[in-house]
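[1] below is the structure, and that's it, no one-letter string:
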């Protein structure tokens, strides 16, 4: 059953959008659908599930493919669910449950453990982090349920993240310590930010070569780009203090970006600012930043209350911007040349074509 309207998008998202100053580059609406309709639709079972976008909806989770088709529904009313980035595995657990279970997408159970820890799962489910109740320690397991690597410890974990593709992990703590983990669960780099600062956010590139750390205090914030294999790093400033996590990204070539309230700051691998991209000021709360093919997509809520979507070239030029006044948040995911937007009430997708294509 399809959930898409290709080439028949009415109103502001209809047509093809071309932009002055970036000749032959364009962005096109691919599909749009209301969550209220999607949530009530039965999805037939399938033996082979393609790599999909994970779409949590009240009471269940839908997997939506790159054509906008819902290909799988997984119920979540009996507990909480964490999906792998490729949509092929999920962990079922509960806020007060003593069980954690890993399943394949067709319902085959890989393992079950007696635990009250909070699970996190990597893109291909090769890494499963279990964070204990006081957020001071992380155990690492593989897809088969084996303990791998060593236990990671710190004072109050503030961030756990996995690479957008492949299976590298990262975590940071309020005491300023941070760790990067490879696909086998081994710590491949660790460090500490200057005393008096907490790790506020962290990212790791999909090839495992670079890490990106956002850290600071109540008075000043900074960023750090880590050369993981070289065990080296460079620090840089950002302009605002962030009380909550903000959107970040680190690419395979060490280019990093962070959303700093009213601008996106883009750094090279030496942590030197290459571009400051001004955007409408954000409201405190959730924001997302993804990158593919040297294109960033940013989703957030503006200070005036409307959700904002911005597409930015790696060179700092804005390709496209659109306001979504009916959505209370926007989450951006990119695969190949498709930008998938999850809003509070709807899902959207765009494709982009670049000048060299």
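    Yep, that arrived. Predicted model, so just to flag it, every value in this text is computed and none were measured.

[2] not counting sequence-adjacent ones, nearest residue to residue 197?
    residue 215 (4.8 Å; CB to CB, 6 or more residues apart in numbering). The way it works is simple: take the backbone N, C-alpha and C, and place the C-beta from them, glycine included.

[3] ditto for residue 306
    Computed as CB to CB, 6+ apart, the closest residue to residue 306 that is not its neighbour in sequence is residue 325, at 4.4 Å.

[4] neighbours around that neighbour, how many?
    Other residues near residue 325 come to 10 when the count uses other CB atoms under 10 Å.

[5] the helix or strand containing the residue nearest to residue 197 pairs with which strands?
    Residue 215 belongs to strand 210-216 when assigned by DSSP states H and E. Sheet partners assigned to strand 210-216 using DSSP bridges are listed as strand 198-204 (antiparallel), strand 221-227 (antiparallel).

[6] what residues of stretch 214-225 count as buried?
    214, 215, 216, 221, 222, 223, 224, 225 (16 or more other CB atoms under 10 Å).

[7] helices of the stretch 1-150 of the chain, start to end?
    35-39 (DSSP state H, counting those that start in this stretch).

[8] low-scoring stretches of it, by residue?
    1-24, 37-47, 76-78, 96 (pLDDT under 70).

[9] so where do the strands sit in it?
    Under the criterion DSSP state E, counting those that start in this stretch, the stretch 1-150 of the chain contains strands at 17-18, 26-34, 53-57, 60-64, 70-75, 80-83, 89-93, 99-104, 109-114, 118-121, 128-131, 137-141.

[10] how far off strand 99-104 does the last one point, in degrees?
    Here the directions of strand 137-141 and strand 99-104 differ by 40 degrees (axes from the mean of the first three to the mean of the last three CA atoms, to 10 degrees).

[11] next secondary structure after strand 137-141?
    strand 152-153.

[12] hmm, who's touching stretch 226-243?
    Stretch 226-243 has contacts (CB atoms under 8 Å, 6 or more residues apart in numbering) with 180, 188-189, 191, 200, 204, 208-214, 216-225, 254, 258, 260-261, 263, 265, 267, 269-273, 284.

[13] try stretch 100-112
    In contact with stretch 100-112 (CB under 8 Å, 6+ apart) are residues 47, 49, 63, 72, 74, 87-93, 99, 113, 115, 117, 119, 121, 125, 128, 130, 143-145.

[14] next one: it to chain centre, how far?
    Offset of stretch 100-112 from its chain centre (CA atoms, centre = their mean, to the nearest Å): 23 Å.

[15] straight-line length of it, end to end?
    6 Å (CA to CA, to the nearest Å).
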